Every structure is written in C-alpha cells, then in structure tokens.
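**Student:** Just the structure for this:
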Amino acid sequence: MIGLYYFKDVRPLKKALERHLKSGKTTHGEVQFTDALQLMIQDGIPFVPYEVTEWFDCGNKDTVLSTNRHLLTRLNQKPRLDHCAVVDPVFVDPAAQVTDSVIGPSVSIAEGCVIRNSIIRNSIIGPGTTIENMIIEDSLVGNETTLRGTGRVFNIGHSSQIDTA
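**Tutor:** Numbers count the residues shown, from 1 in each chain. Okay, the predicted model is just below:
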C-alpha cells in the first residue's frame, strides 16, 4: 500500500488519531497511521480509492536508474550543449556547465554541475558535482562530489572525491 492520502475534512482523522494515541496500541513500539484509518472505517467514514497506474520504486540503485530512464522519456527536454554529443533522453539543468562531452542516453545532471571531457550514460549526477576526464555509466553520483580520471560505475554519496589519474 502506498502512502498517498487526501482528506477534504481532517476533523475525523484528528479524532481517530487522538483515540488511537489514547489507546496506547503500537506495533513494534510504533504508532501506526493505518490503525487510525481503520478506526475511521469502523466509524463509517467513507473512503474512495485512487487507482495508481504507475509505481516508481527507488529502493536501490538499479530501480532508481530505471525510474530515471522512464521519467526522462516523459520530460522530452532537448538540451543544447556546446561541443557535446547528446543522446536522448537527457536532462541537464540550465545552471550546469557541460563541455566537450558525450551525455546520454538516460542521464540527469543537476544544477551547479561542471562536466568536462567526459562520457556519461545511464546515470544521475547530483548538484554541485564536478566530473572531468571520466567515463561513467550506470551510476549514482551524490551532491558536491568530484570525480577526475578514469572510471566506470559508481554509487557514491555526497561530498566525496575520487581522483584516479
């Protein structure tokens, strides 16, 4: 069950939450929101389901990259980058500087990135990251990260630095 709820009137929800908290019922030491929803159902409050037609899982690197590929096909952005080859679909934030590189397919580059002399495929590059003289594919690169040299696949967090030259 995905956690997407809309309430026109929050008063019944507040009452159910208060009752649930007063009951002291927990599951593994946690108060469960769904228990309050069950109280609302028992009180006869009507619920209307919303059909979810697509589910985008972001639980691990591969599913994040798969979701990115799917969403990029919907975006239909055609960035124009100087001295670069762009293989759609690609998103490049207007505040990123990308030169002398091959970008795509399936690449998202966030704001403030500086990409030079690199090849990037099927990857997400976080904000403020610098990548120079690299070959990167199937990778997640965190915020404010610096990569220089040669490389292939990364799953690195924020504020990291890798120099392979």
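**Student:** F47 and Q38 touch, don't they?
**Tutor:** No. Contact criterion C-beta atoms under 8 Å: F47 and Q38 do not qualify, at 10.6 Å. Every C-beta, even on glycine, is put in place using the N, C-alpha and C of the backbone.
**Student:** out of these two, which sits in the busier spot?
**Tutor:** A side-by-side neighbour count of F47 and Q38, using other C-beta atoms under 10 Å, places Q38 first with 13 against 9.
**Student:** That one - that's part of a helix, no?
**Tutor:** Yes. Under DSSP: H, G, I helix; E, B strand; the rest coil, Q38 sits within a helix.
**Student:** okay, how far is it across stretch 80-90, tip to tip?
**Tutor:** In stretch 80-90, first residue to last residue: 11 Å (C-alpha to C-alpha, to the nearest Å).
**Student:** State the mean pLDDT of that stretch.
**Tutor:** The average pLDDT within stretch 80-90 is 92.
**Student:** Okay, buried residues for that stretch please.
**Tutor:** For stretch 80-90, a neighbour-count test (16 or more other C-beta atoms under 10 Å) marks L81, C84, V86, D88, P89, V90 as buried.
**Student:** out of those residues, who's nearest K15?
**Tutor:** Comparing the buried residues of stretch 80-90 against K15 with C-beta to C-beta places P89 closest, at 47.3 Å.
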